[in-house]
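[1] Structure for this input, please:
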Amino acid sequence: MAKTALVVGASGIVGSATAALLVEQGWTVHGLARRPGAQPGVTPLAADLQDPAGTAAALQGVQPDAVFITTWLRQDSEAENIRVNSAMVRNLLDGLPKPSAPRHVALVTGLKHYLGPFESYGKGVLPQTPFREEQGRLDVENFYYAQEDEVFAAAARDGFTWSVHRPHTVIGKAVGNAMNMGTTLAVYATLCRETGRPFVFPGSQAQWSGLTDMTDAGQLARQLLWATETQAAHDEAFNIVNGDVFRWQWMWSRIAEWFGVEAAPFDGIVRPLEQQMADDAPLWRTIAEREGLAEPDLARLASPWHTDADLGRPLEVVTDMSKSRRLGFMAYQPTDDAFFALFERLRDDRLIP
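    Okay, here's the model as predicted:
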């Protein structure tokens with residue numbers, strides 16, 4: 001019999017990729033979002049996870065074999081991030097009908113588990129890289145930890161298994177997503193090509209010359225499904241990246257070549273995209289109207305602030321995958337191919353010219 005999944009945040013980068021993989025694998029899929037869009041094979045559920053009663057009403061009669069939590073809401077402070085995002089997880093798990101059969105809940109967090117929240121990101125005493133799951137939590141308040149604790153408490157109460165998945169920066173497609181480096185770089189390269197501005201790396205010397213890795217949304221979806229179906233992976237936390245490492249001084253030239261622009265020499269000065277793109281909204285709207293693009297609102301495509309946070313880090317960031325590899329997860333995705341596949345999809349969907 002087909003298994004049933006609930007994908008929470010189904011309209012986002014990770015949620016949409018996870019829903020697509022589950023449909024491909026024959027699952028019955030419910031996709032929950034505040035404003036769910038049309039996705040092939042996915043039954044939409046509309047709910048605001050900050051509303052306990054509304055969430056419970058939307059989930060009435062849904063008995064998923066697996067729940068994939070891929071959503072969060074950014075707030076103005078870490079205290080508010082903790083309050084809002086832990087409540088969303090709690091309201092979701094309280095609102096689901098109690099399991100009538102074995103259930104697995106997979107929570108997606110990220111490397112801020114090791115690097116700290118936005119207010120203290122990459123500062124203070126950090127674990128050595130490559131980051132390993134056994135390094136545990138930092139001595140700092142973090143909404144990822146609060147989300148985990150909600151899952152752990154509900155699992156102890158309701159008897160389901162869980163897994164936690166910690167991607168690096170995710171490459172994938174979603175409009176209106178708060179953390180979207182791939183589309184942000186595609187828009188930035190398009191603007192540089194349009195205006196003749198130099199395609200300048202916006203980040204730090206450490207990111208330019210150090211090793212790093214990333215996570216394709218499809219790679220993350222594959223690990224989510226693997227952990228759900230693999231008993232040895234239950235009640236465990238896993239890092240998840242593509243499996244390769246690279247330096248941005250190499251990747252920047254690869255991206256520039258794809259868009260037909262020249263990568264500017266890096267002079268060691270941080271030039272944030274949030275500043276470089278601050279006045280580009282009218283220009284993007286002009287390009288979108290001229291080229292017949294699907295989204296003329298630059299703010300719904302690009303998230304310069306988040307790309308700046310990743311590319312401006314003062315330390316090398318690489319991630320160890322040994323834990324899941326030992327248990328049999330062997331999927332691999334070259335990161336440059338992941339970028340290029342995304343750019344092709346953005347072009348096919350008329351999001352970039």
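[2] how about residue 323, secondary structure?
    In three-state terms, and counting by DSSP: H, G, I helix; E, B strand; the rest coil, residue 323 is helix.
[3] got it, and the one 5 residues further on?
    When classified by three-state DSSP, residue 328 comes out as coil.
[4] how far does stretch 40-47 sit from the chain's center?
    The chain centre lies 20 Å from the centre of stretch 40-47; the measure is C-alpha atoms, centre = their mean, to the nearest Å.
[5] Restricting the selection to alpha carbons, write that stretch to PDB.
    The C-alpha atoms that make up stretch 40-47 are tabulated as PDB, following Å, rounded to 0.1, in the frame of the first residue of the first chain:
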ATOM      1  CA  PRO A  40       1.700  17.800  -9.300                       C
ATOM      2  CA  GLY A  41       0.500  14.900  -7.200                       C
ATOM      3  CA  VAL A  42       0.300  16.900  -4.000                       C
ATOM      4  CA  THR A  43      -2.900  17.600  -2.000                       C
ATOM      5  CA  PRO A  44      -2.700  21.100  -0.700                       C
ATOM      6  CA  LEU A  45      -3.500  22.000   2.900                       C
ATOM      7  CA  ALA A  46      -3.600  25.700   4.000                       C
ATOM      8  CA  ALA A  47      -2.700  26.500   7.500                       C
END
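[6] mind listing what's buried in stretch 30-37?
    With burial defined by 16 or more other C-beta atoms under 10 Å, the residues of stretch 30-37 counted as buried are 30, 31, 32, 33, 36. Heads up, the C-betas are built off the backbone N, CA and C, glycines and all.
[7] Reformat the residues you listed as a markdown table; add distance to residue 310, pLDDT and secondary structure.
    Below are these laid out as a markdown table (distance: C-beta to C-beta, whole Å; pLDDT from 0 to 100; DSSP: H, G, I helix; E, B strand; the rest coil):
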| residue | distance to residue 310 | pLDDT | secondary structure |
| --- | --- | --- | --- |
| 30 | 32 | 98 | strand |
| 31 | 27 | 97 | strand |
| 32 | 27 | 97 | strand |
| 33 | 24 | 95 | strand |
| 36 | 28 | 88 | coil |
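[8] and which of those residues is nearest residue 223?
    Sorting the buried residues of stretch 30-37 by distance to residue 223 puts residue 31 at the head of the list, at 19.2 Å, by C-beta to C-beta.
[9] so the closest residue in space to that closest one that isn't next to it in sequence, which of the three states?
    The shortest distance from residue 31 to any non-neighbouring residue, by C-beta to C-beta, 6 or more residues apart in numbering, is to residue 10 (2.9 Å). Residue 10 falls in the coil class when you classify it by three-state DSSP.
[10] Pass me the low-pLDDT residue ranges in this protein, would you?
    121-124, 178 (pLDDT under 70).
[11] Flag every buried residue along the longest helix anywhere in it.
    Using DSSP state H to assign secondary structure, the helix with the most residues in the chain is helix 78-95. Residues 78, 81-82, 84-93, 95 are the ones in helix 78-95 that count as buried (16+ other C-beta under 10 Å).
[12] rewinding a little: list phi and psi for the residue nearest to residue 31.
    phi -70, psi -20 (degrees, to the nearest 10).
[13] what ranges do the helices span in the stretch 101-250 of the chain?
    Counting by DSSP state H, counting those that start in this stretch, residue ranges of the helices within the stretch 101-250 of the chain are 112-115, 143-158, 181-195, 205-209, 217-229, 248-259.
[14] out of the buried residues of stretch 30-37, who's nearest residue 99?
    When the buried residues of stretch 30-37 are compared for distance to residue 99 (C-beta to C-beta), residue 30 wins out at 15.2 Å.
[15] Run through the bridge partners of the residue nearest the centre of the chain.
    Here the mean C-alpha position of the chain is nearest to the C-alpha of residue 170 (C-alpha atoms, centre = their mean), at a distance of 4.5 Å. Taking DSSP bridges as the rule, residue 170 bridges to residue 215.
[16] List the residues that contact it.
    When contacts are counted by C-beta atoms under 8 Å, 6 or more residues apart in numbering, residue 170 touches 13, 14, 179, 181, 214, 215, 216, 217, 220.
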